[in-house]
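K.L.:
give me a 3D structure for the following:
(one chain, ligands or ions: 2)
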Amino acid sequence: MLLHIPEIFNPSQVETLRNALQSGPWVDGAASAGPLAAEAKHNLQFSTEAEEYPSLAKTIAAALERHPLFLSAALPQFILPFMFNRYTGGGNYGDHIDNAIQTDRNSGQRLRTDISVTVFLSDPESYEGGDLIIEDTYGAHEVKLPAGDAIIYPSSSLHRVEPVTAGERIAAFSWVQSLVPDAWQRSMLFNLDMTLIKLRSQVGNSEEIVALTGHYHNLLRQWSR
Ligand SMILES: O=C(O)CCC(=O)C(=O)O
Ligand SMILES: [Fe+2]
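P.N.:
Ligands and ions are numbered 1, 2, ... in the order given. Sure thing, here's the model as predicted:
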């Protein structure tokens, strides 16, 4: 399931983030990729050694953790520290699948990447190219979102970022280890949750809705790891 999560940040928050990132230091993105991905990766990353980095990374995770749509769709157990990338002058990231296991540099814990997240921080009118292309069983999806919006997609998907031929594209990206590792089970739980919220707003808390909500929680109990 690909899900667009709107308005993680409002325009003034995005501007504050972009200003904080602007002067860098930016380092070669390939340095932090595995050997295979490094060949495909032609972008820059905000240095994780920079003094401002930890608080910027926390700002992104904290905003997502407050977003009900993200919580319902991702059912996050752990979120790896967000990083920031920048594509300019033809920068791109060729077809790849993200590493299954990544080490959380804060806790040292090895986490499974179930869900990939990109939070777009550049106004889509300010750069050319730079679409995130995600392949799934229904074909290739082109994603280029307003600044402040995010996309989440299964980390098992083949994806790429098209060359940025004018302007620059800045984004925050990370991975989530979900309580429910299976993408299809996660998507069923999300659909059930969204339908229940709509039903509840239409008819209030009927006996049937209470029963269905119970089923939601019992399925989550069955499927969470
Ligand atoms: O820049 C993006 O939207 C995605 C980056 C990406 O695929 C990665 O870092 O693995
Ligand atoms: Fe990726």
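K.L.:
from residue 14, how far out is residue 27?
P.N.:
From residue 27 across to residue 14, the span is 23 Å (Cβ to Cβ, to the nearest Å). No exception for glycine: its C-beta is placed from N, CA and C like everyone else's.
K.L.:
revised request: answer the last question for residue 177.
P.N.:
27 Å.
K.L.:
what sits against the most centrally placed residue in the chain?
P.N.:
Most central in the chain under Cα atoms, centre = their mean is residue 117, positioned 1.1 Å from the mean C-alpha point. Residue 117 makes contact with 64, 74, 82, 150-152, 172-176, according to Cβ atoms under 8 Å, 6 or more residues apart in numbering.
K.L.:
run the last query once more with 10 Å
P.N.:
If a contact means Cβ atoms under 10 Å, 6 or more residues apart in numbering, then residue 117 has 5, 8, 60-61, 64, 70, 74, 76, 79-80, 82, 150-153, 155, 171-176 as its contacts.
K.L.:
restricted to strands, list the residues you listed.
P.N.:
Of the contacts of residue 117, the ones assigned to strands by DSSP state E are 5, 76, 79, 150-153, 171-176.
K.L.:
mind naming the longest helix for this protein?
P.N.:
Longest helix of the chain, by residue count under DSSP state H: helix 183-203.
K.L.:
worst-scoring helix or strand of this structure, pLDDT-wise?
P.N.:
helix 35-40 (a mean of 81; mean pLDDT, DSSP states H and E).
K.L.:
in its sheet, what does the following helix or strand past that one sit against?
P.N.:
Downstream of helix 35-40, the first helix or strand assigned by DSSP states H and E is strand 41-42. According to DSSP bridges, strand 41-42 forms sheet pairs with strand 92-96 (antiparallel).
K.L.:
could you list the buried residues of the partner strand?
P.N.:
For strand 92-96, the neighbour count (16 or more other Cβ atoms under 10 Å) marks 92-93, 96 as buried.
K.L.:
please see if it touches ligand 1.
P.N.:
Yes: Strand 92-96 comes into contact with ligand 1 (Cβ under 6 Å from any ligand atom), by way of residue 93.
K.L.:
quick one: name the residues of the chain near ligand 1.
P.N.:
Counting by Cβ under 6 Å from any ligand atom, the chain sits next to ligand 1 at 85, 93, 98, 118, 132, 159, 161, 171, 173.
K.L.:
what count of nearby residues applies to the fourth one?
P.N.:
By the measure other Cβ atoms under 10 Å, the count of residues near residue 118 is 21.
K.L.:
which helix or strand contains it?
P.N.:
Here residue 118 sits within strand 115-120, counting by DSSP H and E.
K.L.:
any idea which residue of this protein lies closest to ligand 1?
P.N.:
Residue nearest to ligand 1 within the chain (Cβ to the nearest ligand atom): residue 118, separated by 3.6 Å.
K.L.:
who touches that residue in this structure?
P.N.:
Residue 118 makes contact with 85, 132, 134, 143, 145, 149-153, 159, 161, 171-174, according to Cβ under 10 Å, 6+ apart.
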